[in-house]
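> coords please:
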Amino acid sequence: MTQETTAKVPLLHAEQLSSTRGGRVLFDELSFQLHPGELWQVTGPNGAGKSTLLRILAGLLEPTEGRIRFNGASLHDNWQSYCQQLLFIGHKAAVKGELTALENFYWQQQLTASPNTDGWDLLEKLGLLGLEDELTGRLSAGQQRRVALTRLWANKAKLWILDEPFTSLDVQGVALLQKRFAEHLADGGCIIFTSHQSLTLSELSPKLIDLSLAAQVHSEAAYD
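Numbers count the residues shown, from 1 in each chain. Down below sits the predicted model:
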């Protein structure tokens, strides 16, 4: 395979994905490709299947139909490599409340074999300096979200799958996260995320996967 051909291979390729939950079709025959440097946003009303789609892409759920390829190979045949290049953060903060912010960072760093990032510098960047000894369970929802997002600065994964990453963040937190998005894309990473938050940074122009049409079609069909 030539260098030119390799460059055209998508990092992630979803082919004809369908998902049925509780007897209800969330989406059907959904296909798209994520290439390095691309930002994709999944949109749609509550219950349209946005989180389900992200969990399928992360390998946490099986699609009803369809398949996913990573670097041109089946996800299941390339699972170890996929896990090494994937950073998934769900809609919950997923931090340990009995640990401090600094301890949560080091715990995540050990789990992901992250590079040697200075935890103190990172907490300062995220506005958490001074709270490093406070149990995370006692922090506000926005502060807990910032603790969870330290992973975006201390992980070399190329593919980010993020479910509502802007939840509970204030204006400064939203701006900081958007800047980090731009840095990751410029470094050749790619991001697929859900959010009700409008992006304001000029460098960020996401491609859209709109699940609202699928939700509307299947909802109308249920009443026919």
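> okay, now residue 104: neighbour count?
Using other CB atoms under 10 Å, residue 104 is surrounded by 24 other residues. No exception for glycine: its C-beta is placed from N, CA and C like everyone else's.
> so who does it touch?
Shown in contact with residue 104 (CB atoms under 8 Å, 6 or more residues apart in numbering): 95, 96, 136, 147, 150.
> Of these, which count as buried by neighbour count?
Buried subset of the contacts of residue 104 (neighbour count, 16 or more other CB atoms under 10 Å): 95, 136, 147, 150.
> and the two most separated of these?
Taking CB to CB, the two most distant members of the buried ones among the contacts of residue 104 are 136 and 150; they sit 11.1 Å apart.
> State the distance from residue 134 to residue 128.
Noted for residue 134: a distance of 9 Å to residue 128, by CB to CB, to the nearest Å.
> Could you check which of these two has the larger neighbour count?
Taking other CB under 10 Å, residue 134 and residue 128 do not tie; residue 128 has more neighbours (23 against 14).
> quick one: that one from residue 18, how far?
Distance from residue 128 to residue 18, by CB to CB: 41 Å.
> Following the chain past the helix-or-strand element of the chain with minimal mean pLDDT, name the next helix or strand.
In the chain, the helix or strand scored least confidently by mean pLDDT, DSSP states H and E is helix 3-8, which has a mean of 50. Later in the chain than helix 3-8, the nearest helix or strand by DSSP states H and E is strand 12-21.
> Sort out which residues of that following strand are buried, please.
12, 13, 14, 17, 18, 19, 20.
> Which elements pack onto that strand?
The contact analysis (3 or more CB pairs under 8 Å, 6 or more residues apart in numbering; DSSP states H and E) places strand 12-21 against strand 24-34, helix 50-57, strand 65-70.
> Which one, of those, ends up nearest to residue 76?
Minimum separation from residue 76 across the helices and strands packed on strand 12-21 (CB to CB) falls at strand 65-70, 8.8 Å.
> Just say helix, strand or coil for the closest residue to residue 100 other than its chain neighbours.
In space, and not counting its chain neighbours, residue 100 is closest to residue 133: 5.5 Å by CB to CB, 6 or more residues apart in numbering. Classification of residue 133 using DSSP: H, G, I helix; E, B strand; the rest coil returns coil.
> hang on, residue 133 packs against residue 103?
No. Under the criterion of CB atoms under 8 Å, residue 133 makes no contact with residue 103, lying 9.3 Å away.
> Which one's more surrounded, the two?
Between residue 133 and residue 103, counted using other CB under 10 Å, the more crowded position is residue 103 (18 against 9).
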